[in-house]
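# Build me a structure from this.
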Amino acid sequence: MTAPFLSVFLPDTSRNRDSLAVAWTRMLELGYAPRATPVDEPEGCTRTRCAGVHRGYPGSEHRWALTCLLCCQDIDVYASHMRDRKGANPAPPRRHKGCPYSGPRKAAARAARYAEIGRAIPDWDTEARAALAA
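Below is the predicted model:
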């Protein structure tokens, strides 16, 4: 697995490195990986919300070029959308839109796929854990 890295436009500051560590851990927890094939990062992109797709961790308001390890689909995800949501209405982690392993009806297939690719079922994926135990 690739070591955590920042997008080329994101300054190497302690805050960005701290955010990178949190986002990288979350990316792996959700079953994603940095895209292996290069992406054309937007020319002249800055922190002014170009919302372009970047290969390294781009910060919260830019899209991150990732690959879903379960379905092998290339996806563009906002890191802010992967954060754990707390408070009155917490949002549980979920697969990306269009993932054939997404949803409660696909829990058994998802559990089998985790095993197939050599990954443990994440603690948060209670549906896949239940399907495996059944």
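
# which one is residue 49 nearest to, not counting chain neighbours?
If you skip the residues right next to it in sequence, residue 49 has residue 61 as its closest partner in space, 5.2 Å away by Cβ to Cβ, 6 or more residues apart in numbering. The C-beta positions use only the backbone N, C-alpha and C, and glycine is treated the same way.

# Find the helix or strand that that neighbour is a member of.
Take DSSP states H and E as the rule and residue 61 turns out to sit in neither a helix nor a strand.

# where's it relative to residue 51, distance?
Residue 61 sits 7 Å away from residue 51, taking Cβ to Cβ, to the nearest Å as the criterion.

# Out of the helices and strands in this structure, which is least certain?
Considering only helices and strands, the least confidently modelled element of the chain by mean pLDDT, DSSP states H and E is helix 79-82, at a mean of 81.

# pLDDT wise, what is the residue most central in space within the chain at?
Using Cα atoms, centre = their mean, the residue of the chain that lies closest to the mean C-alpha position is residue 27, 3.4 Å off. We have a pLDDT of 90 for residue 27.

# Over to residue 86?
Residue 86 carries a pLDDT value of 69.

# Same check on the one 3 residues further on?
Per-residue confidence at residue 89 stands at 61 (pLDDT).

# contacting residues for residue 129?
Residues in contact with residue 129, defined by Cβ atoms under 8 Å, 6 or more residues apart in numbering, are 111, 121.

# before we move on, what about the one 4 residues further on?
By Cβ under 8 Å, 6+ apart, residue 133 lies in contact with nothing.

# Quick check on it: phi, psi?
Main-chain torsions, residue 133, degrees, to the nearest 10: phi -70, psi -20.

# how is the protein carved up into domains?
What the record gives for the chain is the domain set 1-91, 103-134, from automatic domain parsing.

# what separates the one helix or strand residue 25 maps to from the chain centre, distance-wise?
Assigned by DSSP H and E, residue 25 belongs to helix 14-29. On the basis of Cα atoms, centre = their mean, to the nearest Å, helix 14-29 is displaced by 11 Å from the centre of the chain it belongs to.

# Who are the packing partners of it?
Helix 14-29 sits against strand 63-68, helix 79-82, with contacts defined as 3 or more Cβ pairs under 8 Å, 6 or more residues apart in numbering; DSSP states H and E.

# Fine by me, we can end here.
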